[in-house]
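>>> Just to be clear, the model below is a prediction. Sequence and coordinates:
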Amino acid sequence: MQEWYAFVKETAKEYKIDPNLCAALAAGESGYGDQEVRFGPVCDGKYYAPYNLHYSAFKKWNIANWKVNTKVGIWRLSELLKSHNGNLHAALQHYNTDDKGEKYDGYVANIKKLQRQYKKRRVFAEPSNNGRCQMTMR
């Protein structure tokens with residue numbers, strides 16, 4: 001997971017999007033049971049995790065590769081946020097088109113909850129020198 005976290009952080013920075021949100025979307029889309037995020041085919045091969053991209057995306061990308069899948073998933077989220085003026089609710093509605101009504105509202109609430117959990121865990125936080133002695137040149 002550490003390698004995936006590092007790649008999410010790098011890709012999120014490239015697309016100027018919160019890495020906590022990016023990881024939350026993957027966890028919300030493909031997390032299952034004790035698996036925070038799954039990698040590979042899901043739903044009988046109809047989608048590919050971690051971002052649950054539809055198999056039709058193979059026409060453009062090798063989404064079976066987790067790095068490609070991650071990059072495409074984050075890029076897609078970024079584009080949807082731009083086209084919906086930063087409105088996460090609307091962007092997610094176009095990311096996950098299967099859910100409607102209350103089920104969709106629960107999906108969005110889950111993504112937001114997961115985003116808060118990633119922030120709280122500080123998965124993507126920069127290392128700090130808090131409590132450490134810093135040397136200065138004189």
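Looks like it came in fine. Numbers count the residues shown, from 1 in each chain.
>>> got a list of what the residue nearest to the spatial centre of the chain touches?
Nearest to the mean C-alpha position of the chain, by CA atoms, centre = their mean, lies residue 22 at 2.5 Å. By CB atoms under 8 Å, 6 or more residues apart in numbering, the residues touching residue 22 are 8, 11-12, 73-74, 77. (Glycine included, C-beta is placed from N, CA and C.)
>>> now, which of those residues lie within helices?
If you go by DSSP state H, the contacts of residue 22 have 8, 11-12, 73-74, 77 in helices.
>>> Same list (the residues you listed) but as JSON lines, adding neighbour count, distance to residue 118 and pLDDT.
Formatted as JSON lines, the ones in helices among the contacts of residue 22 follow (neighbours: other CB atoms under 10 Å; distance: CB to CB, whole Å; pLDDT from 0 to 100):
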{"residue": "8", "neighbour count": "27", "distance to residue 118": "10", "pLDDT": "97"}
{"residue": "11", "neighbour count": "20", "distance to residue 118": "15", "pLDDT": "97"}
{"residue": "12", "neighbour count": "21", "distance to residue 118": "11", "pLDDT": "97"}
{"residue": "73", "neighbour count": "26", "distance to residue 118": "15", "pLDDT": "95"}
{"residue": "74", "neighbour count": "25", "distance to residue 118": "14", "pLDDT": "97"}
{"residue": "77", "neighbour count": "23", "distance to residue 118": "14", "pLDDT": "95"}
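>>> Pick the one among those residues closest to residue 113.
Proximity of the ones in helices among the contacts of residue 22 to residue 113 was ranked by CB to CB; the top entry is residue 77 with 16.8 Å.
>>> show me the contacts for the closest one.
Residues counted as contacts of residue 77 (CB under 8 Å, 6+ apart) are 17, 21-22, 25, 91, 95.
>>> next one: residue 108
Listed by CB under 8 Å, 6+ apart, the contact partners of residue 108 are 88-89, 92.
>>> Sketch out the helices for this protein, chain order is fine.
In the chain, the segments counted as helices under DSSP H are 2-14, 19-30, 66-83, 88-95, 101-121.
>>> from these, which stretch is densest packed?
helix 19-30 (a mean of 24; mean count of other CB atoms under 10 Å).
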